[in-house]
Structures are given as structure tokens and as C-alpha cells.
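In: for reference, the sequence and a predicted model appear below.
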Amino acid sequence: MKKLFAGVAFLLIIVPYSLGAEFWGSKNSNKYHYPDCKWAQKIKPDNLVKFKSPEDAIKASYIPCKVCKPPMPSSK
Ligand SMILES: [Zn+2]
């Protein structure tokens, strides 16, 4: 039973984290967002651009959204 509990705990902690390791932008703007940002939710599927990391978004000339404040690589 302990192994089962560890497996469930693993799923609860790791799965949401990995799902969140993505940033969304729109072809109609130059901002990138957390997927759960209210502005990201408004992006139409046709215009959705997904980035695996803030670095990818910055390279594509996108800037962080001021509402959801996604991480910015250049601050390092
Ligand atoms: Zn946002």
C-alpha cells in the first residue's frame, strides 16, 4: 500500500507541474503567458503559439505578460 500511495503522490505533484511547463502566445500579439492566464484562455486555437520555455518565447521576440508574469530568462 505504501508503494501505491507514493505513486499517487507522484502523479499529483509531477503531472500538474509538467503540464504547467509550457507557455502560450498569440500570433496577434508579442506576449507570452502561463496557460491558465485569463488572456491566454482568450487566444483562439488558430492563433495559439506554444513555447516549451521562456527562452523559446524570448527568441521568438515575445515578452512576458504583465498580468500572469511568466518567468523571464534574461533576468538571470
Ligand atoms: Zn498572461
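Out: Nice, I can see it. In this text, all values refer to a predicted model and were calculated from it rather than measured experimentally.
In: the helix or strand harbouring Gly25 pairs with which strands, and in what direction?
Out: Using DSSP states H and E, Gly25 sits in strand 23-26. Partner strands for strand 23-26, per DSSP bridges, with pairing direction: strand 31-33 (antiparallel), strand 48-51 (antiparallel).
In: buried stuff in the longest one?
Out: Neighbour-count burial for strand 48-51 flags Val49, Phe51 (criterion: 16 or more other Cβ atoms under 10 Å). C-beta: built from backbone N, CA, C; applies to glycine.
In: how about the residues of this structure near the ion?
Out: Residues of the chain lying near the ion by Cβ under 5 Å from the ion: His33, Cys37, Trp39, Cys65, Val67, Cys68.
In: do that again at 8 Å, thanks
Out: Counting by Cβ under 8 Å from the ion, the chain comes close to the ion at 31-34, 37-40, 64-70.
In: buried ones among these?
Out: Counted by 16+ other Cβ under 10 Å, these give Lys31, Tyr32, His33, Tyr34, Cys37, Trp39, Ala40, Pro64, Cys65, Cys68, Pro70 as buried.
In: all good on my end, thank you.
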